[in-house]
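Trainee: sequence and predicted structure below; questions after.
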Amino acid sequence: MVHQSPGREPLALDLAGHFIYLAQDGSLRPYARTAEFLRRAGESAELADGRVIALFDVRTPQDVHYPIWEMHPKGDEILLLLSGCLTVECRDAAVTPTALLRPRSAIVIPEGIWHRLIVNEASTLIAITPRHGTLHKEV
């Protein structure tokens with residue numbers, strides 16, 4: 001249950017069309033699911049202090065930007081797999097550890113760790129991510 005301030009009505013959202021921004025002050029703000037929002041969330045001071053909840057229907061490697069590596073310098077990310085099977089690769093200075101995600105499992109990606117996802121089968125994934133300052137690179 002989400003705590004609502006007096007005068008605010010509960011809001012049902014289609015997660016295929018929205019991101020939810022979790023601000024540090026405890027407020028939750030929905031945003032239309034657009035590439036523009038993801039770009040802004042990575043750069044905007046208004047969206048710098050919290051996390052973004054996003055639902056992803058993963059069918060192909062492009063759905064998880066494979067083979068691009070990603071890193072969040074402003075906080076840990078949690079990936080929750082609802083269905084399917086994904087492999088998470090993490091790059092540390094000397095090694096690339098992997099973790100297999102099966103339904104109803106999760107992984108915490110520590111702040112500053114480069115990571116990417118490999119699609120083993122069609123999946124549904126929830127990511128809770130500190131978007132501000134997120135970096136991507138091809139290796």
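Mentor: The structure has been received and is ready for your questions.
Trainee: mind picking out the helix or strand in the chain with the poorest mean pLDDT?
Mentor: Across the helices and strands of the chain, mean pLDDT, DSSP states H and E gives its lowest value to helix 35-43, namely a mean of 82.
Trainee: quick one: name whatever helix or strand follows it.
Mentor: strand 51-58 (DSSP states H and E).
Trainee: just checking, what packs against that following strand?
Mentor: strand 18-22, strand 114-129 (3 or more CB pairs under 8 Å, 6 or more residues apart in numbering; DSSP states H and E). The C-beta positions use only the backbone N, C-alpha and C, and glycine is treated the same way.
Trainee: residues in contact with the spatially most central residue of the chain?
Mentor: For the chain, residue 127 is the residue whose C-alpha lies nearest the centre (CA atoms, centre = their mean; 3.1 Å). Contact partners of residue 127, counting by CB atoms under 8 Å, 6 or more residues apart in numbering, are 52, 53, 54, 56, 77, 78, 79, 80.
Trainee: try it again with 10 Å
Mentor: Residue 127 sits next to 19, 51-56, 64, 77-80, 109, 117 when contact means CB atoms under 10 Å, 6 or more residues apart in numbering.
Trainee: just the pLDDT at it, thanks.
Mentor: According to the prediction, residue 127 has pLDDT 97.
Trainee: what's the answer for residue 49, then?
Mentor: For residue 49, the model assigns a pLDDT of 85.
Trainee: ok so, going back, and the residue nearest to the centre of the chain, what are its bridge partners?
Mentor: residue 54, residue 79 (DSSP bridges).
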